[in-house]
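1. Following is a predicted model, sequence given first.
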Amino acid sequence: MALGALHGELVGDFAREGVDGDLDALLAEAPRAVGVAARGEEALFRASAAMERGCPRVVVRRGAIRADWLEELAHRAATFGALLYEHDDASGYRRAAPRGRSRAQLGGPAAPFGAWLERRAASAAALPVDDPTLGVPGDLEELAFTAGHKPVLYLVKPADEAARLLARHPGAHAATRAEAVAIDPATGARRYGEGRDSTHVFLSASRADAERAAALWERGSSAHARELGALLGYPPCCVAAFEALAARGDNAALVWITERRTRALSASFAPPLNVVLRRVVPFTPCTFSCRLAVARAEGVLDALDAGVASSLLASLSRAVLYLDEARSIVLEGARARGDELAYERAALVRDDGSVEAGVARAKLGAWLPPGGLLRLVGRGVELDGEEVGALLPFG
Ligand SMILES: [Zn+2]
């Protein structure tokens, strides 16, 4: 297509986004092209969201984002079959295609907080551990499946637990695969073929769906994210946001990326999606207030006993200082006052028995006393003169 025609097509979209900035409303109209008026990180995530939602042409202002992010966007355009252009009035449009193989890593903190913790001395008072909500079943996924919210249930269990899971669903068809899994405590990354002997269980009312999900998983869950996501009942927007990423196996990086994307898209932090305190839904939401993801989470909460659901929702409605999967802190009664954050009580989200969690408990108590006041810096807070964590304001 001639670039002149492309320009004619884009002017309206540029104007519309420039005026109301409502990307969701714009994308709902399935535009043939989207011009991204924003700059920096906001432009990166808005352009990515347009591609993920099927917009065939996306234009960013020349110089509006860093070169490595433009390269990352070009890779994402290739993933979704979209065309990416840079534009300015002086030199018009230039197609941006991937130049190499390297992709930008968007997750993770600016500085390695693990090293920060190692340098600190143990405190006299250890950080308490948060109390889990009583009465919440171990596998909310199984509850969602039983309540009819997902075509296929996929769980990884030790062999004896897998047998008990199958016995609880005598009417369902099961496809199982045995493979050892080791899970890294800090990142949640799974390494297959080592660690604990495990059974991958795919359960469905449909034999074809259970077998299809198992086959897709065997061929590579990342390469078949879209079809597998649909079988597991995940929202397509969340699956596409996941598919857009270069690296997907690090759960800690996924939380950091979702926090950045949520802020860049001016979205909010909906308590049912407080995945750090409890994964009510098993997938990574595209933002922490994704409408479809919230609806899936509310479906699970509705399937719980009403009293348990309201206690769990109250627990999820609290701010979290996220470091990683083993070292994150819930801040009870957190209230922002200008560039400070007052809180009533800080606690480690959970003690999973890992060395990482033990060190965090022993060393963070001194920095996070009851009734404390923290200075907000960057994405997180200042602890002993350094920026630490990402603050997730779910409460
Ligand atoms: Zn979503």
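-> Nice, I can see it.
2. residues in contact with R278?
-> 133, 136, 140, 312, 315-316 (CB atoms under 8 Å, 6 or more residues apart in numbering). Yep, even glycine has a C-beta here, placed from its N, CA and C like the rest.
3. With S91 instead?
-> R62.
4. gap between it and the ion?
-> For S91, the distance to the ion (CB to the ion, to the nearest Å) stands at 36 Å.
5. how far away is that residue from G63?
-> 11 Å (CB to CB, to the nearest Å).
6. who's the nearest residue in space to L392 that is not next to it in sequence bridged to?
-> Sequence neighbours aside, V320 is the residue nearest to L392 in space, at 4.5 Å (criterion: CB to CB, 6 or more residues apart in numbering). With DSSP bridges as the criterion, V320 is bridged to V330, L392.
7. what about V320, distance to V255?
-> 9 Å.
8. Give the intersection of the neighbour lists for those two.
-> Common neighbours of V320 and V255 (CB under 8 Å, 6+ apart) are 276, 392.
9. List the contacts of H169.
-> H169 touches 146, 153, 203, counting by CB under 8 Å, 6+ apart.
10. Weed out the non-buried ones from these.
-> 153, 203 (16 or more other CB atoms under 10 Å).
11. Excluding chain neighbours, what is closest to C286?
-> A241 (3.7 Å).
12. G333 too?
-> E344 (3.4 Å).
13. And that neighbour, its phi and psi?
-> Dihedral pair for E344: phi -90, psi -40, per degrees, to the nearest 10.
14. Next: the one 3 residues further on.
-> Backbone torsions of A347, given as degrees, to the nearest 10, read phi -150, psi 150.
15. Kindly state the neighbouring-residue count (a burial measure) for it.
-> Residues lying near A347 (other CB atoms under 10 Å) number 20.
16. residue boundaries of the strands in the stretch 151-300 of the chain?
-> For the stretch 151-300 of the chain, applying DSSP state E, counting those that start in this stretch gives strands covering 152-157, 173-178, 181-183, 190-192, 199-204.
17. Summarise which helices and strands the first one is packed against.
-> I take that to be strand 152-157. helix 140-146, helix 159-168, strand 199-204, helix 207-220 (3 or more CB pairs under 8 Å, 6 or more residues apart in numbering; DSSP states H and E).
18. and that strand, how far out from the chain's middle?
-> Strand 152-157 has its C-alpha centroid displaced from the chain centroid by 20 Å (CA atoms, centre = their mean, to the nearest Å).
19. mind exporting that strand as CSV, just the C-alpha atoms?
-> In CSV, the C-alpha atoms belonging to strand 152-157 read as follows (Å, rounded to 0.1, in the frame of the first residue of the first chain):
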residue,chain,number,x,y,z
VAL,A,152,-9.7,-28.1,30.5
LEU,A,153,-8.0,-28.3,34.0
TYR,A,154,-4.2,-28.5,33.8
LEU,A,155,-2.3,-29.2,37.1
VAL,A,156,1.1,-30.6,37.8
LYS,A,157,1.1,-32.9,40.9
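20. what pairs with it, and is each one parallel or antiparallel?
-> strand 199-204 (antiparallel).
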